[in-house]
Each structure stands twice: as C-alpha cells, then as structure tokens.
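Participant: Model the structure of this input:
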Amino acid sequence: MHKAHHTEPRATVGTPPEDETPPVAEWCWHAPRSATSEPVSPAVASLIGNTPLIPLQRVTDSLAPEVALYVKLEGLNPGGSVKDRPALFIVRQALGNEKLGPGKTLLDATSGNTGIAYAMLGAAFGFPVQLTLPADSSPERVQILRAYGAQLVFTDPADRTEGARRVAEELARAHPACFFHADQYANPANSLAHTVTTGPEIWAQTAGRVTHFVAGLGTGGTMTGVGAYLRARNRDVHLVGVQPDQRRHGISGLKYLKAANPPGNYDPTLVDMIQMVSTEEARAAARQLARDEGLFVGISSGAAVAAALRVARALTQGLVVALLPDGGFKYTGDPFWAE
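Facilitator: Model (predicted):
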C-alpha cells in the first residue's frame, strides 16, 4: 500500500499518539480502489439500524409503578454507535449526487464515533476517508480508525471538537478538488437519518406509548430527527436534551452548547427540557448499568440514563425512552470503571 495511506498529517502542536509517523505535505490522498458512483450499499449497511429497545429493571426500583424506563442500544450497530445511521445517509446521498466518487476523499471532523462509521463505510464502499480529531482521543478509537484504514489529522486537544471542525473546514476550502466535506454538524442528511429510521423504530417498539424521549446533544441530529418524527405522531411527547454541565468535561460526543458553535442540525425549538449532567454522574451511571443491568455502555450513554432517571422519578406514569449512543468498549482504558 502507498506510504501516504499510513501517514497521519499533524494539523497542530497538540499531543498525538506516540507512534504517529512524520507529517506529509500531500493532502490529496488517493484511494487504493475507485469508489462507485452508484448508491448501492454493501452488505454491512444492511446491519445498520433496527437496534433493540429494552426496559431497565434494577436501576429503576425507585420509580412509580406506572413509570417505565427503556433504553435503545445503539452500540449494537455494526460500527458500534448511533453514528452509523447518519454516516450511511450522508454517504448514500453523496454517492447519489456524485459529490463523493473517484478521486474524492470523504473529509470530516469527529470526536470518534462518526469517524468510525465513515471509516467502516469507506472500507466497504471503496472510498478513502480523512478525519480531523482531537489528539487526546481515546487510544481505542484511534486504533479502530486505523484498522479501517482512515487517514487521521490530529488537532489541539485544548480546542476539542470545535478545533477539529475548524481544521476540517480549512482543509476543505484549501483543497476543494480533493475532498467531499461531509460536515456532519450541518448536513441535513444527519437528522433525516433519524426521522426515517430511529424515530419510527422507537414509535413501533413502544406501540406509540412513548411519553418522553431523552438523548444527548452533540451534532443535534438525533434529537432533531427523532423529535420531529415523534412530535408528528404525538404532539404531547416530551423531548429532553442532555448536555455536560460545564465546558471542560469528559463526556465524549456531547457538547456544552453555550461554549460551542450551534450545530446546524440542532433545532432548539423542539426541546422541552435540558438536563445538565456532570462527568462524574455520567461515569457513575455507566458503571451502574454495567454492574446492575449487565449493559456495558459508553459515558454519553451513562449521561442519558442519569438524565432519564431524573425525568422518570418526577412522573407518576409514563414511558421514558433514553437513547444510548454507544457501548463501553471504546472506553476500556479509562480507570473510572474500577472505582
């Protein structure tokens, strides 16, 4: 394979993984094989979606008898997260309108999960993927991205995902002939994926009985897409967004929106309530789910459950659905699990 496939250009003075190879000047990274311009999905795409919805049983002991809390396990998508859904819609749309095709590399910023979804689909469809991500991204995520063959551009960790977004935008402007900038934060295919798939699944799996939907706020696509669908079916469904309680936090994938550029996919008018969750609460909930429910989920999933439990405890009746974005396997290096 050409050396450029293994080289990961450094965009900032952030601290990259120790084994990072020296930077290169050539940004136009050519695919080892040509991507098809036809929107035909490989077999792995058929595995995306239709994830299970199950009730929590032990952590809900304190709830009123007529209140139930269900969780949607998005970590069971083939790429390991809810981000498989929007990534597939973005890719299918770009292949269909030929914005992504031979000679083009998919470029986007990521905190990890969307990048993994892009990299998985790039390997399956046959197009190259280049991602900008903070240099302190978990080693597990970096290794998964490398396994799929993605080219990585590490950015200053102090700038978090906002910094990665800026670098992606700069690369896209500087090299328009090289890249299809997927821009998950503003691409309407992001929220559309959830209006078409996630929302209808939740409605069908609860037989239309869902009263509250709880989801973390990152790109805003999940809340906007699912929320729009559920509201169209029942205008009384309550939509609860989950945010970290401060700018500096350890809940990967979620945004403290007061300190971030508003995502283009986020419609704040849909949301009835914002629940602020601390990193410590999110980690404690993730540990509790593993030890009391046998569910090994990620930290943002813990945040969603912590918020959903607050909502559920205030009810006398209702069916609360919390969307759990990913599993815990990409966070195994974090020592909090043993606390």
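Participant: how about the strands in the chain?
Facilitator: Along the chain, counting by DSSP state E, strands occupy 53-55, 66-73, 105-109, 129-134, 151-155, 179-181, 212-216, 238-244, 273-277, 317-324.
Participant: looking at those strands, which is buried most?
Facilitator: Comparing the strands of the chain by mean neighbour count (mean count of other CB atoms under 10 Å), strand 212-216 ranks first with a mean of 29. Where you see a C-beta, it was placed from the backbone N, CA and C, and this is true even at glycine.
Participant: sorry, back to before: would you turn the strands of the chain into TSV with mean pLDDT and distance to residue 197?
Facilitator: Compiled in TSV, those are given as follows (pLDDT from 0 to 100; distance: least, CB to CB, whole Å):
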stretch	mean pLDDT	distance to residue 197
strand 53-55	98	13
strand 66-73	98	11
strand 105-109	97	20
strand 129-134	96	22
strand 151-155	95	28
strand 179-181	97	22
strand 212-216	97	14
strand 238-244	95	17
strand 273-277	95	24
strand 317-324	98	12
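Participant: Take those and lay them out in CSV including distance to residue 256.
Facilitator: Formatted as CSV, these follow (distance: least, CB to CB, whole Å):
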stretch, distance to residue 256
strand 53-55, 28
strand 66-73, 24
strand 105-109, 17
strand 129-134, 15
strand 151-155, 18
strand 179-181, 25
strand 212-216, 12
strand 238-244, 5
strand 273-277, 9
strand 317-324, 19
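Participant: shouldn't residue 168 be in contact with residue 185?
Facilitator: No: under the criterion of CB atoms under 8 Å, residue 168 makes no contact with residue 185, lying 9.8 Å away.
Participant: ok, the closest residue in space to residue 53 that isn't next to it in sequence - contacts?
Facilitator: Nearest residue to residue 53 in three dimensions, chain neighbours excluded: residue 205, at 4.2 Å (CB to CB, 6 or more residues apart in numbering). Contact partners of residue 205, counting by CB atoms under 8 Å, 6 or more residues apart in numbering, are 53, 70, 72.
Participant: picking that back up, overlap in contacts, residue 168 and residue 185.
Facilitator: Common neighbours of residue 168 and residue 185 (CB under 8 Å, 6+ apart) are residue 109.
Participant: residue furthest from the geometric center of this protein?
Facilitator: residue 65 (33.1 Å; CA atoms, centre = their mean).
Participant: and it, backbone torsions?
Facilitator: Taking degrees, to the nearest 10, you get phi -60, psi -30 for the backbone angles of residue 65.
Participant: Distance check, it against residue 213.
Facilitator: Separation of residue 65 from residue 213 (CB to CB, to the nearest Å) stands at 22 Å.
Participant: got it, and residue 281?
Facilitator: 20 Å.
Participant: try residue 153
Facilitator: Here the criterion is CB to CB. By it, residue 153 lies 35 Å from residue 213.
Participant: With residue 221 instead?
Facilitator: 14 Å.
Participant: before we move on, what about residue 291?
Facilitator: Residue 291 is 26 Å from residue 213, by CB to CB.
Participant: just to revisit the earlier point, check the residue farthest from the centre of the chain and give its pLDDT.
Facilitator: Turning to residue 65, the model gives it a pLDDT of 96.
Participant: what do you get for residue 19?
Facilitator: 42.
Participant: I'd like the average pLDDT over stretch 194-210.
Facilitator: Stretch 194-210 carries an average pLDDT of 98.
Participant: Return that stretch as CSV; C-alpha atoms alone will do.
Facilitator: Below are the C-alpha coordinates for stretch 194-210, written out as CSV (Å, rounded to 0.1, in the frame of the first residue of the first chain):
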residue,chain,number,x,y,z
HIS,A,194,-33.2,9.7,12.5
THR,A,195,-36.5,10.9,11.1
VAL,A,196,-36.5,8.0,8.7
THR,A,197,-35.1,5.2,10.9
THR,A,198,-34.7,5.9,14.6
GLY,A,199,-37.9,7.7,15.3
PRO,A,200,-40.2,5.2,13.5
GLU,A,201,-38.3,2.3,15.3
ILE,A,202,-39.0,3.9,18.8
TRP,A,203,-42.6,4.5,17.9
ALA,A,204,-43.1,1.0,16.7
GLN,A,205,-41.2,-0.6,19.6
THR,A,206,-43.3,1.2,22.2
ALA,A,207,-46.5,0.7,20.3
GLY,A,208,-46.9,4.5,20.3
ARG,A,209,-46.8,4.7,24.1
VAL,A,210,-43.6,6.7,24.4
